[in-house]
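Q: Pasting a predicted model and its sequence here:
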Amino acid sequence: MTIDEELNQLDTLLRRLKIEYEVYFNNPSKRPPADLEWKAVALLRKHSDGGRMNFSQRFRYNEMAQRYAIYSDLWRKKNRIREEGYRRPQDALLSVQGVRSAEEHAPQHPAAYGLAKHASGFTIECSDADAQTEQVERLYNALVAAKKKSGEAVSGNLSSFSSFVRNKTSQIRKQYGCEAVEYSVELQDGQVKLKAKAKS
């Protein structure tokens, strides 16, 4: 098999691996795709020195190696959250405190919703949670990171959080007739809060 063919195979493996892990994290009875991951890692190691590659092949390999490193880190974090969730089965939903619409919980200063003021430095606008899965996942990771940093317990998983955001977005859009909802992670009175704000 040529280097280009092996790189094509690696690309296919990474795509399949991403899909299999998504299935795994959304299905409690599913096992992680260890065999697929082993094959991908073996190919990555085989070409790690890049000695037999030309410039374009090395560029392509480095892009895929970086992609796998990002995926692998994310899967490890999600796996830890998944395991923590199983230890506390009563926590079916992520405990999100202080979720209010902007009208109910308006900040005293407009800058309170500025990026630099957020505990996690993170905010997103959401109009369709199903179509914006990566945005919702990033919001979830920011919330989890902020809760851990402040010493608060983290429960639930990405799937339950996504359902929460989907329902909350739909509710606020209907209530205020807005196009999107802005979600931000903030630290208030020593507690991490996820806030929802109607956006026109």
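A: Everything's here; your move.
Q: For the most centrally placed residue in the chain, which non-adjacent residue is spatially closest?
A: Closest to where the C-alpha atoms of the chain average out (C-alpha atoms, centre = their mean) is Glu137, at 2.6 Å. For Glu137, ignoring the flanking residues on the chain, the nearest one in space by C-beta to C-beta, 6 or more residues apart in numbering is Leu158 at 6.2 Å. Glycine gets a C-beta too; all of them are placed from N, C-alpha and C.
Q: what's the answer for Lys148, then?
A: Nearest non-adjacent residue to Lys148, counting by C-beta to C-beta, 6+ apart: Val154, 6.2 Å away.
Q: Just the pLDDT at the one you found, thanks.
A: The model reports Val154 with a pLDDT of 72.
Q: From Phe161, how far off is it?
A: To Phe161, Val154 is 11 Å away according to C-beta to C-beta, to the nearest Å.
Q: Compare neighbour counts for the two and give me the winner.
A: Between Val154 and Phe161, counted using other C-beta atoms under 10 Å, the more crowded position is Phe161 (23 against 20).
Q: For the host helix or strand of that one, the averaged confidence score.
A: Phe161 belongs to helix 158-176 when assigned by DSSP states H and E. Averaged across helix 158-176, the pLDDT comes to 86.
Q: Please export the C-alpha coordinates of that helix as PDB.
A: Extracted C-alpha coordinates of helix 158-176, given in PDB (Å, rounded to 0.1, in the frame of the first residue of the first chain):
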ATOM      1  CA  LEU A 158     -23.700  16.100  27.200                       C
ATOM      2  CA  SER A 159     -26.800  14.400  25.900                       C
ATOM      3  CA  SER A 160     -29.000  15.700  28.800                       C
ATOM      4  CA  PHE A 161     -27.400  19.100  28.600                       C
ATOM      5  CA  SER A 162     -28.200  19.300  24.800                       C
ATOM      6  CA  SER A 163     -31.800  18.400  25.500                       C
ATOM      7  CA  PHE A 164     -31.900  21.100  28.100                       C
ATOM      8  CA  VAL A 165     -30.500  23.800  25.700                       C
ATOM      9  CA  ARG A 166     -32.800  22.600  22.900                       C
ATOM     10  CA  ASN A 167     -35.900  23.000  25.100                       C
ATOM     11  CA  LYS A 168     -34.800  26.300  26.800                       C
ATOM     12  CA  THR A 169     -33.900  27.800  23.400                       C
ATOM     13  CA  SER A 170     -37.300  26.900  22.000                       C
ATOM     14  CA  GLN A 171     -39.100  28.200  25.100                       C
ATOM     15  CA  ILE A 172     -37.300  31.600  25.100                       C
ATOM     16  CA  ARG A 173     -37.700  32.100  21.300                       C
ATOM     17  CA  LYS A 174     -41.400  31.500  21.600                       C
ATOM     18  CA  GLN A 175     -41.800  33.700  24.700                       C
ATOM     19  CA  TYR A 176     -39.900  36.700  23.300                       C
END
